[in-house]
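A.B. asks: Any chance you could fold what I've pasted below:
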Amino acid sequence: MKFPRAMKPERSDREITLDLTIKPLSPHFGTEILGANVSAGGDNVALAVRQAWLDAGGLAVVRDQDLATDRHIAFAQHFGPLFGNPDEKPLQDTVSIYMHPDHPEIYRVSNQVDGDGKPKGRKGAGTYWHSDVSFREQPAGASILSAKQIPQSGGDTIFCDQSRAYEALSKTMKGVLTPLHAIHDFEVIAHSQYTNRVLVADDLKGSTNRALHPIVRTHPETGCKSLFVNPGFTSHIQGLHQDESRALLNFLYAHCMQPEFLYRHRWQKYDLIIWDNRCLMHYAVMDYPDDQPRYMERTTCIGDRPV
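C.D. replies: Below you'll find the predicted structure:
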């Protein structure tokens, strides 16, 4: 039997199939998985990790995964179709320039440059609260980030559980929010985060990077409800005056930022982190110097349309 998140019994360390050890990352959400071999484990390991990830509210760290790029992609496909796949809708140009040249499903994050001065990946990626590509009609489901190089200190990633944040609201506020929809727009963050004005201008054309989503969405696999707004991409609430919209969004952001809804991850080399953009938002802390290399590879799954 599956329990709604609020009804789940107390979590504890436990053993599941394939000799995987599952430990809580925090008292409320997130799980640490030990003993997995994602590269060689095949479908059974991938499916066991996926279930543990769902059971933990959509956040899992799998330790000690020195993944080759092709094995990363193969593992990620157990979570859904991938952005970057030639058969799927392309990502915006401001992102696609950082994709792996031989594996377009892989988005590279790095503070380093190669021999000819080209960046090895996106520097300062995600240094704002957001849910990945929420400005698409079908925003991201799972994102899977593999840590290849990490700085000696710093570079943490903070996650916010928007399902627990929703659960903590009053019944009256839930009633206010349920019928409301918000516009998510790449333009909200584009000009402050990306310096190539030509690419930004191209990405802002048309409707691919602008979408209307419910403020409260229902997770298609767990049935849990969560808030679905974020400071990085949410422009405004449809049907409200600008000052009303801003006041309500600011209230929701402040509510979500309470410590009991947050988990801060201190990276270890070869960590593989999986988060669920359908119920979490995240923030990458860029507090490390350029002389401490940081290189990561990410796949992102195409989710379903929020309802």
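A.B. asks: So which residue is smack in the middle of the protein?
C.D. replies: N277 (4.4 Å; C-alpha atoms, centre = their mean).
A.B. asks: Quick check: that residue touching S143?
C.D. replies: Yes. Taking C-beta atoms under 8 Å as the definition, N277 is a contact partner of S143 at 6.1 Å. C-beta here means a position set from N, CA and C on the backbone, and glycine is covered the same way.
A.B. asks: what residues do the two have in common as contacts?
C.D. replies: D132 (C-beta atoms under 8 Å, 6 or more residues apart in numbering).
A.B. asks: what's in contact with stretch 262-271?
C.D. replies: So stretch 262-271 is contacted by 25-26, 28-30, 59, 61-67, 146-150, 155-161, 273 (C-beta under 8 Å, 6+ apart).
A.B. asks: Report the mean per-residue pLDDT for it.
C.D. replies: If you average the pLDDT over stretch 262-271, you get 98.
A.B. asks: Would you map the helices across the stretch 101-250 of the chain?
C.D. replies: With DSSP state H, counting those that start in this stretch as the criterion, the stretch 101-250 of the chain has helices at 162-167, 171-177, 187-193, 197-203, 242-256.
A.B. asks: export the ones you listed to a markdown table and tack on mean pLDDT and distance to R210?
C.D. replies: As requested, the helices of the stretch 101-250 of the chain are exported to a markdown table (pLDDT from 0 to 100; distance: least, C-beta to C-beta, whole Å):
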| stretch | mean pLDDT | distance to R210 |
| --- | --- | --- |
| helix 162-167 | 98 | 21 |
| helix 171-177 | 98 | 21 |
| helix 187-193 | 71 | 8 |
| helix 197-203 | 49 | 10 |
| helix 242-256 | 98 | 16 |
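A.B. asks: what's the closest of these to N37?
C.D. replies: helix 162-167 (30.1 Å; C-beta to C-beta).
A.B. asks: Give me the helices and strands touching the closest one, please.
C.D. replies: Contacts defined by 3 or more C-beta pairs under 8 Å, 6 or more residues apart in numbering; DSSP states H and E place helix 162-167 against strand 225-227, helix 242-256.
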